[in-house]
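J.: Okay, sequence plus prediction incoming.
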Amino acid sequence: MKCLRCGYCCIRYAVIIVDDPSKGIEPDNLIVHEGKGIPCKHLKGNKPGEYSCAIHNRPYYNETPCFQHGQIERNIDAPCRMGKYVIEKGK
């Protein structure tokens, strides 16, 4: 799935995240991001389509639940349906 950087998942979904990026994935460095309309502490930007993740380029990112997030298609080039909806709704 191709993320369209709409921010929806990072604002609305509950997920386990890394608390202190410099420590990486360690049992005592994982916290629950509740979602519920509050942006993840690692979300950068302020506009759907232009959001980014501050830890996306960290070596451990591919071990996070965020990296594992996807949709039912297995095609990595398929655009995120939620992202497409959020961005189009904002226009």
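T.: Received it, and whenever you're ready, just let me know what you need.

J.: Give me the buried positions along the lowest-mean-pLDDT helix or strand in the chain.
T.: Using mean pLDDT, DSSP states H and E, helix 65-68 stands out as the lowest-scoring helix or strand of the chain, at a mean of 90. Neighbour-count burial for helix 65-68, with 16 or more other C-beta atoms under 10 Å as criterion, is recorded at C66. C-beta coordinates here come from the backbone N, C-alpha and C atoms, glycine included.

J.: Could you list every helix and strand in contact with that helix?
T.: Packing contacts for helix 65-68, counted by 3 or more C-beta pairs under 8 Å, 6 or more residues apart in numbering; DSSP states H and E, involve strand 15-18.

J.: ok, back up a step: C-terminal to the least confident helix or strand of the chain, which secondary structure element comes first?
T.: Next in sequence after helix 65-68, counting helices and strands by DSSP states H and E, comes helix 81-89.

J.: pLDDT of that next one, averaged?
T.: Averaging pLDDT along helix 81-89 gives 94.

J.: can you give me the offset of that helix from its chain's centre?
T.: Centroid separation for helix 81-89 versus its chain: 15 Å, with C-alpha atoms, centre = their mean, to the nearest Å.
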